[in-house]
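In: Okay, here's the prediction I keep looking at, along with the sequence it came from:
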There are 2 protein chains.
Amino acid sequence: MKGFKSFKLIDQVKEDLFKNIKSLSSEKIDTKESFGRILANDIISPVNIPHFSRSAMDGYAIKAEDTFGASQRNPKIFEIIDKVEINTTSNKEIEKNQAIEIPTGAPIPQEADAVIKLEDIKRIDNKIEVYFPVSPHKNVSLEGEDVKKGETIIKAGQIIRSQEITLLLACNILETKVVRKPKIAIITTGSELIEPGKTPKIGQIVETNSYTIASLCEVYGGKPLRFGIVEDNEFSLKKILDDTLKFDMIVFTGGSSVGERDLIPFVINENFDNQMLAHGISMRPGSPTAIFIVKDTPVFCLPGFPVATMISFEVFVGPTIRKMLNANILDPRPVIKAILTRQIPSQYGRRDFARVKLNYDPKIGKYLAEPVRISGSGIISSVVKAEGIIEVKEDLEGYEKNSEVDVKLYLPR
Amino acid sequence: MKGFKSFKLIDQVKEDLFKNIKSLSSEKIDTKESFGRILANDIISPVNIPHFSRSAMDGYAIKAEDTFGASQRNPKIFEIIDKVEINTTSNKEIEKNQAIEIPTGAPIPQEADAVIKLEDIKRIDNKIEVYFPVSPHKNVSLEGEDVKKGETIIKAGQIIRSQEITLLLACNILETKVVRKPKIAIITTGSELIEPGKTPKIGQIVETNSYTIASLCEVYGGKPLRFGIVEDNEFSLKKILDDTLKFDMIVFTGGSSVGERDLIPFVINENFDNQMLAHGISMRPGSPTAIFIVKDTPVFCLPGFPVATMISFEVFVGPTIRKMLNANILDPRPVIKAILTRQIPSQYGRRDFARVKLNYDPKIGKYLAEPVRISGSGIISSVVKAEGIIEVKEDLEGYEKNSEVDVKLYLPR
């Protein structure tokens, strides 16, 4: 049993890691089912939206020039020659000083170029009085005003939200090319572990990391498959690696420390062409993280302690998933500013991750971040109490009380 | 065709609305499948976590008092009498100046009360030299240190994130009571509308609002069911209301304005016991929103323009879903501070919603919010370009350039 030989810095590890990440292929899916997926290509609109000029108001379609000179004292009089409904067009042609009654959304009659609002006129029988001039295109949504045919409307790498679904469907794009979800094998090791539901004896603990990791994989856009608890011996580990190297990514949890149980790096080195990107990282929690590229597949060995697993996942695995997806945001957690209610001590040269609760203080219009008191990286309740996380970078020795700090919010909220 | 009689204020409408919202029943589901659901009850731990005192380090279990007085010059010598593995216990009893070799996570032997780290000793054959005193419980995770049996570990109303799944499973809670998802009927009206995939003629437009609303319902935790495009006549509207009043919520889109097509409020008033909470709201976009309580069921009539629908949904419908779920956060959108790059004009007495793009400026360490240029509430591309939204409250006439403003972020990112 020995300590790690050296601790690498997070940023260096991520740089090395991202150099080795290959983009995934894409797949066409039903646009209606595309929520939360990452767009594979730029989307170019095949149509104008709106695809005809339409009224933006309930009112009367007229020729704008016929209103020129109108005033309260000298209203212009228009004759109403027709009335269109929302989905109909008029077959009458507007001539000088004529108007067609029109509801919001209906197509503007051919010769008209403006709409005067219902509230702005006075109607007397089949005539209206107009009291002020309107300019051409007033109250008209012009064809292509929202989107022009041939225009790039959404860029590759965008996550598809409600508004992207709306726009894609409005363009009649029923199938959308998205990046396929990376398949992620989750493997747990540790002879002390038992599956949830079994009663642990002294010395045994309920295995939860694979479920934590599976749900985090989904948050970041991956497709997890749990392989359960694998025995901690060379044969079993080699076999599971052989079986899962066809996945886009492998995440081990447990067994990444430098104890006697630390077999995974050994098995990888003995049996596979690999590049070791890190084994021991200058961070807390999460330092016993190891990362390899084995035959093009990133293999992460996350620490066994639940909180360390979560944090190491969010630093390395999550952004790797988003990188594979070519997402334009690699870390989806929003960052807010908050004022620290207590100091956070940290060690120079190491990145520390402090879990915080948030309280909004309406008096100062800011969030207050209160570090959750903890005694170790095994404390699951500390992340349950937390709404976000503060990273204390390597060049700092902590944050003073009352500092303004960045808080990454846990999702979903 | 007439304007709205009066415009209500958003806060008043929400207050009236929330008074009429009943909580939903709960259901037991598999904890592993509970991600994103809202907890129905407080969770009380049935166990201690850890459920035995265990070593937090690779090292040697000893009695702390035997190290008292140890120094570099006068190391204390301990005899190693056994070695435990991760999931085993020793049947030997530690006596004075004896130690048992122990890995991280293994149960602390009965008589021991501290662990001295591997890195801190020197081993010579079956003896170790200890150079400084350790206090009791040093490097020991005590039974119940994370969670105590009987302790409330998660409060009702919490959304279940990865960490809640972890903690629930660690407590061996395999089934979790969550609030059932509200069933939401989505009904579209408008004779100009056609289903996506059909080619629109002049005057017709592709119906997208029901898909927008369906995806937003899921973001907020509801279970949407689309009823498609319903004909805009009294008979059809009465029938669809009869059919859907068994839902927890009904969302109409289109047909909420005060034009000739404004049949829904009329049909509701003529045929059903109801309470009209609003018909016309002082907001932009979204003013032609109507809200009713019909036989206990909230009925929302959202405006037909896509952006107005989205914004009105996020102001009223989304928080109503979360209120029904008893969620402790009614609006899941995170709020960040940003500096405005252009002024936003607004009208006193009305709440305006400005869509903004965000750019992080590393020089000032802040986000810059750039309003998206738009010409109407029909402009779908404006929300696609936006990463968030700024609310200009009723008591303001806008925001000056360079003001610091709150931006609600669109999700997911």
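Out: Everything's here; your move.

In: Every contact and neighbour count from this point should use C-alpha atoms.
Out: Fine.

In: buried residues in stretch A:235-245?
Out: Neighbour counts over stretch A:235-245 (16 or more other CA atoms under 10 Å in any protein chain shown) mark A:237, A:238, A:241, A:244, A:245 as buried.

In: Spell out the residue ranges of the helices in chain A.
Out: Assigned by DSSP state H, chain A shows helices spanning A:10-19, A:162-170, A:209-220, A:234-244, A:264-271, A:306-312, A:318-324, A:380-385.

In: Among the buried residues of stretch A:235-245, which one sits closest to residue B:179?
Out: Closest to residue B:179 out of the buried residues of stretch A:235-245 is residue A:244 (37.4 Å), distances taken as CA to CA.

In: quick revisit: for the helices of chain A, give me a markdown table that also has distance to chain B.
Out: Formatted as a markdown table, those follow (distance: least, CA to the nearest CA, whole Å):
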| stretch | distance to chain B |
| --- | --- |
| helix A:10-19 | 17 |
| helix A:162-170 | 5 |
| helix A:209-220 | 5 |
| helix A:234-244 | 17 |
| helix A:264-271 | 17 |
| helix A:306-312 | 8 |
| helix A:318-324 | 11 |
| helix A:380-385 | 6 |
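
In: JSON lines for those helices, including mean pLDDT?
Out: Formatted as JSON lines, those follow (pLDDT from 0 to 100):
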{"stretch": "helix A:10-19", "mean pLDDT": "98"}
{"stretch": "helix A:162-170", "mean pLDDT": "97"}
{"stretch": "helix A:209-220", "mean pLDDT": "96"}
{"stretch": "helix A:234-244", "mean pLDDT": "95"}
{"stretch": "helix A:264-271", "mean pLDDT": "92"}
{"stretch": "helix A:306-312", "mean pLDDT": "95"}
{"stretch": "helix A:318-324", "mean pLDDT": "98"}
{"stretch": "helix A:380-385", "mean pLDDT": "95"}
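
In: Kindly state which of those is positioned closest to residue A:395.
Out: helix A:10-19 (12.5 Å).

In: Which other helices and strands does that closest one contact?
Out: The helices and strands touching helix A:10-19, judged by 3 or more CA pairs under 8 Å, 6 or more residues apart in numbering or on different chains; DSSP states H and E, are strand A:274-279, helix A:318-324.

In: Try it again at 6 Å.
Out: Of the remaining helices and strands, none touches helix A:10-19 by 3 or more CA pairs under 6 Å, 6 or more residues apart in numbering or on different chains; DSSP states H and E.

In: Pull out the buried positions in it.
Out: Using 16+ other CA under 10 Å as the test for burial, helix A:10-19 gives A:10, A:13, A:14, A:17.

In: Give the burial count for residue A:155, as a bare number.
Out: Per other CA atoms under 10 Å in any protein chain shown, the neighbour tally for residue A:155 reads 14.

In: ok now do it, which residues does it touch?
Out: Each residue near residue A:155 by CA atoms under 6 Å, 6 or more residues apart in numbering or on different chains is listed here: residue A:42.

In: quick one: residue A:164 from residue B:22, how far?
Out: Shown here: residue A:164 relative to residue B:22, a distance of 33 Å by CA to CA, to the nearest Å.

In: In CSV, list the buried residues of stretch A:235-245 along with distance to residue A:69.
Out: Listed next are these as CSV, based on distance: CA to CA, whole Å:
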residue, distance to residue A:69
A:237, 87
A:238, 88
A:241, 83
A:244, 79
A:245, 78
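
In: rewinding a little: which of the buried residues of helix A:10-19 sits closest to residue A:61?
Out: Looking across the buried residues of helix A:10-19 and measuring by CA to CA, the closest to residue A:61 is residue A:14, at 60.8 Å.

In: Any stretches of chain A with poor pLDDT?
Out: Across chain A, the ranges flagged by pLDDT under 70 are A:1-4, A:255-261, A:375-377.

In: near chain B, which residues of it show up?
Out: Contacts of chain A with chain B, taken as CA under 6 Å from any CA of the partner chain, map to A:86-88, A:106-107, A:146, A:162-164, A:166, A:170, A:172, A:192, A:196-197, A:203-204, A:206, A:208, A:212, A:215, A:332, A:336, A:379, A:384, A:413.

In: OK, now which residue of the stretch 1-150 of chain A is nearest to chain B?
Out: In the stretch 1-150 of chain A, the residue that lies nearest chain B is residue A:87 (4.5 Å; CA to the nearest CA).

In: residue contacts, that residue?
Out: Residues in contact with residue A:87 (CA under 6 Å, 6+ apart) are B:192, B:203, B:204.

In: Swap in 10 Å and give it another go.
Out: A:103, A:105-107, B:190-193, B:201-205 (CA atoms under 10 Å, 6 or more residues apart in numbering or on different chains).

In: Now the two most distant members of the residues you listed.
Out: Between any two of these (CA to CA), the greatest distance is 17.3 Å, for A:103 and B:201.
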